[in-house]
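[1] Sequence first, then the predicted structure:
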Amino acid sequence: VQLQASGGGLVQTGGSLRLSCLASGRTINNYAMGWFRQAPGKERQFVATISRSGNSAYYSDSVKDRFTVSRDNAKNTMYLQMNSLKPEDTAVYYCAAGRNSYDPENYDYWGQGTLVTVSS
């Protein structure tokens, strides 16, 4: 599975962005999907994960109630709607396919990342 994340950019505090993760090479129906992020000088951090069917999703405490993960298996695409953005959300955001987990080690496929910058 090849994953390509897109939709990042520069936004002001309180603004919104929607990230997309387009898969190719294989259907994503058989994979849980996740979003992770990595800020400069920090470790990769779990953001959200969504089950294969899309019926369940889990979030880190830092983004809960602000971010929403969704997927459209027919389009082989996952999304991350980010609202009420804060400067601490600034990071490169990565999408991944694998098992439904908080742990990046449980994901087999990774996209290249898309940069989100939130200005104060």
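    Structure's in. What do you need? Numbers count the residues shown, from 1 in each chain.
[2] CA atoms for contacts and neighbours, from now on please.
    Will do.
[3] isn't Ser120 right next to Pro87, touching?
    Yes: between Ser120 and Pro87 there is a contact under Cα atoms under 8 Å: 6.0 Å.
[4] Which one of these two is surrounded by more residues?
    Pro87 (15 against 11; other Cα atoms under 10 Å).
[5] quick one: the residue lying closest to that one once chain neighbours are set aside and Asn106, what's the gap?
    Using Cα to Cα, 6 or more residues apart in numbering and skipping residues adjacent in sequence, the residue nearest Pro87 is Val118, 4.7 Å away. Note on Val118: its distance to Asn106, by Cα to Cα, to the nearest Å, is 29 Å.
[6] Those two: which is more packed in?
    When neighbours are counted by other Cα under 10 Å, Val118 and Asn106 differ, and Val118 comes out ahead with 20 against 13.
[7] got a list of what that one touches?
    Applying Cα atoms under 8 Å, 6 or more residues apart in numbering, we find Val118 in contact with 10-13, 85-90.
[8] got it, and Thr49?
    Residues in contact with Thr49 (Cα under 8 Å, 6+ apart) are 32-35, 57-59, 69, 100-102.
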